[in-house]
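Student: requesting a structural model of the entry that follows:
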Amino acid sequence: MIPPLLPKALDYFADQKTRSLLLVTKSADTSFFEARESLPTVIVSFSVNSTPAAKLFEKGAPSPTERLRAAARLKALGWRLRIRLDPIILETGIEHYEEVCKAIADLDPERVTIGSLRQYPGVHRFSPQAPRVGLEKADDGRMRYAVEVRSDAYRRIAEWLGFQPALCKETHIVWKALKWRFSGCNCTE
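Tutor: Down below sits the predicted model:
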C-alpha cells in the first residue's frame, strides 16, 4: 500500500532546490518508485537488521535480504540510497551482522548509519517480548548496552562494512571511545 501523501510529497520535492526528502522504510515494494523518474532531492533509506533479529523482532516486515534487493533495484534506477542498520540487537548474536554488513557494502549506498538498541525502561509493559539482555540504564534515561559493548560492536560492524559508518543517536562518550570523525547521520543531508 502506498502512503496516501507520498505522490504529493514527491511532486513537491521534485521542484525543490535546497530541500530534500528522506524516506525511511522496511518495505521491499518498490513498484511506486519504479514507475517514477528518480529525483535528486529524494533519498530512500532502507532499515535493515540481522536475519535472526528481524525474525524475532520485525514481525510482518520483509526479510533483510528482500529489503536489500529492493534497495539495489532503486539504486539501479538512479534513486539516492541510504541504509540504516539500527537497532543492532546483541542478544541475537553480533556474528549474525557480518552477512548483512557485507551485503550492504556491496550495495555501496551514499551513507550507512548504524545504531544499537536503546529503549525506555517501561517498554516491557507494552511489549513483553522486547529485547532486554545486556541492557542497563544510561545517563539519558534509556536502556542501552554499556559504552564498551557498543563501541566493540560498532568496530566489528565497521570492519565488516569496510568503512566507518555514521552513528545514530549515540553519545559523545562513544564517539570519543571510537575516535571516529562525525560524518553526518541518516537524517542529515
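
Student: all helices of this structure, in order?
Tutor: Using DSSP state H, the helices of the chain run over 6-14, 31-34, 51-57, 64-76, 97-107, 123-126, 147-161, 172-178.

Student: which one of these has the lowest average pLDDT?
Tutor: Least confident of these, judged by mean pLDDT, is helix 123-126 with a mean of 88.

Student: how about it as CSV, C-alpha atoms only?
Tutor: In CSV, the C-alpha atoms belonging to helix 123-126 read as follows (Å, rounded to 0.1, in the frame of the first residue of the first chain):
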residue,chain,number,x,y,z
VAL,A,123,8.7,-0.6,27.1
HIS,A,124,8.2,-4.1,28.5
ARG,A,125,4.8,-3.2,29.9
PHE,A,126,3.6,-2.7,26.3
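
Student: which strands and helices sit next to it?
Tutor: Helices and strands touching helix 123-126, by 3 or more Cβ pairs under 8 Å, 6 or more residues apart in numbering; DSSP states H and E: there are none. (C-beta placed from N, C-alpha, C; glycine too.)

Student: so who does the nearest residue to residue 143 once chain neighbours are set aside touch?
Tutor: Among residues not flanking residue 143 along the chain, residue 135 sits closest, at 4.0 Å (Cβ to Cβ, 6 or more residues apart in numbering). Residues in contact with residue 135 (Cβ atoms under 8 Å, 6 or more residues apart in numbering) are 117, 119, 143-145.

Student: can you check residue 2 too?
Tutor: Residue 2 neighbours (Cβ under 8 Å, 6+ apart): residue 32.

Student: picking that back up, from the contacts of residue 135, which is closest to residue 46?
Tutor: Checking these against residue 46 with Cβ to Cβ, the nearest one is residue 117 at 18.8 Å.

Student: per-residue pLDDT, the closest residue in space to the closest one that isn't next to it in sequence?
Tutor: Excluding its sequence neighbours, the residue lying closest to residue 117 (Cβ to Cβ, 6+ apart) is residue 87, at 4.1 Å. pLDDT recorded at residue 87 is 96.

Student: number of nearby residues for residue 87?
Tutor: 20 (other Cβ atoms under 10 Å).

Student: roughly how far apart are it and residue 97?
Tutor: Residue 87 sits at a distance of 11 Å from residue 97 (criterion: Cβ to Cβ, to the nearest Å).

Student: rewinding a little: any quick ChimeraX command for the buried ones out of the contacts of residue 135?
Tutor: Of these, the buried ones can be selected in ChimeraX as follows, counting by 16 or more other Cβ atoms under 10 Å:
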select :117,119,143,144,145
